[in-house]
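Novice: need coordinates for the following:
(one chain, ligands or ions: 1)
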Amino acid sequence: MNRIEDTLNQLKEKKEKAFITYVTAGYPDLAKTKEILKAQEAAGTDIVELGVPFSDPVADGPVIQDASYRSICGGTTLKKVFRTVEEARNDGLKLPIVFMLYYNTIVFYGVEAFVKECERVGVDGLIIPDLPMEEQEEIKAALDGQDTTLLLQLVSPVSGDRIPQILDGARGFVYCVSSMGVTGQEAQFHKEVKNYLKSVKEQSKIPVMMGFGIRTAKDVEPMKEYIDGAIVGSHFIRLLEESNFDPDAVKTYCNTFKKELNEL
Ligand SMILES: O=P(O)(O)OC[C@@H](O)[C@@H](O)c1c[nH]c2ccccc12
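Specialist: Here you go, the predicted model:
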């Protein structure tokens, strides 16, 4: 069993929605990243998306671009991010971790070696925004249908006819991008967002998560019946910055979001 699937099954039994955050690894440094992960586990965040910083983050807006840039300047590498996850797991962290990274980073490391390391340290899923369905063969072959690390699929408001194919064999959850732009465009969802989510929900056998532009649970109220959870990235990173990366601020925000999400 995979940690993401395990967590999502438990939520389904409790009839709860998932609260997922995104953080850039190594921002402001990897020791803080570990603290933030622990704080999130304590606060009841269900899954964390950990961004491996990359020099050319084409899907990202200014907040995450800036976090990536600073992290790289601080010396963060994929190897060090792996070590951080390994240390956190050795400290007992059970929180499901999804790597968000660009395919270049994986190719540079070596696809086979990358997958082996994900499995070894306990990376539970992968989001690779620049790797469309047609180009996933190599990584899928390396993952070889095993349970430890799942390749998660992304759909957008223009995926349309491609959705059935993208969902075919998909595991974990499907990531529904709420708009056509980059990350961090606060509450500017696609004008057809409700119909689009409804259509994905109808077609998907696995949980449907919405991300891009979300700040509070209230933002997803209009589409609550079509989604199984919400993902917050840029807004969460801003909050970290404003609180000077205070674990208590993380806990308060995550607790509140999770509570409000399940009261919608
Ligand atoms: O930052 P936002 O608007 O809250 O969006 C989520 C997002 O940060 C996170 O899921 C993410 C960060 N970088 C990405 C690249 C592609 C897809 C998703 C992501």
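Novice: close to the ligand, is the one helix or strand residue 20 maps to?
Specialist: For residue 20, the host element (DSSP states H and E) is strand 18-24. Yes - Strand 18-24 reaches the ligand (Cβ under 6 Å from any ligand atom) through residue 22. All C-beta atoms are positioned from the backbone trio N, CA, C, and that covers glycine.
Novice: and that strand, what does it pack against?
Specialist: The contact analysis (3 or more Cβ pairs under 8 Å, 6 or more residues apart in numbering; DSSP states H and E) places strand 18-24 against helix 3-14, helix 30-43, strand 47-51, helix 62-73, strand 208-211, strand 229-232, helix 234-242, helix 247-261.
Novice: among the ones you listed, which is nearest residue 83?
Specialist: Residue 83 sits nearest to helix 30-43 of all those, at 7.9 Å, using Cβ to Cβ.
Novice: list the contacts for the residue of the stretch 151-264 of the chain found nearest the ligand?
Specialist: In the stretch 151-264 of the chain, no residue comes nearer to the ligand than residue 233, which is 1.9 Å away by Cβ to the nearest ligand atom. Applying Cβ atoms under 8 Å, 6 or more residues apart in numbering to residue 233 gives the contacts 21, 22, 49, 63, 64, 183, 184, 211, 212.
Novice: for it, phi and psi?
Specialist: Backbone torsions of residue 233, given as degrees, to the nearest 10, read phi -120, psi -80.
Novice: pLDDT at it, what is it?
Specialist: Predicted confidence (pLDDT) for residue 233: 97.
Novice: look up how far residue 171 lies from it.
Specialist: Note on residue 233: its distance to residue 171, by Cβ to Cβ, to the nearest Å, is 22 Å.
Novice: what number of residues lie near residue 185?
Specialist: Number of residues near residue 185 (other Cβ atoms under 10 Å) recorded here: 15.
Novice: which SSE is it in?
Specialist: Short version, using DSSP H and E: residue 185 is in no helix or strand.
Novice: residues near the closest residue to it other than its chain neighbours, how many?
Specialist: In space, and not counting its chain neighbours, residue 185 is closest to residue 213: 5.0 Å by Cβ to Cβ, 6 or more residues apart in numbering. Using other Cβ under 10 Å, residue 213 has 24 other residues around it.
Novice: what's near enough to touch residue 213?
Specialist: By Cβ under 8 Å, 6+ apart, the residues touching residue 213 are 178, 179, 184, 185, 186, 187, 188, 189, 219.
Novice: quick check: the second one touching residue 185?
Specialist: This means residue 179. Yes - the criterion here is Cβ atoms under 8 Å, and residue 179 meets it with residue 185 at 6.0 Å.
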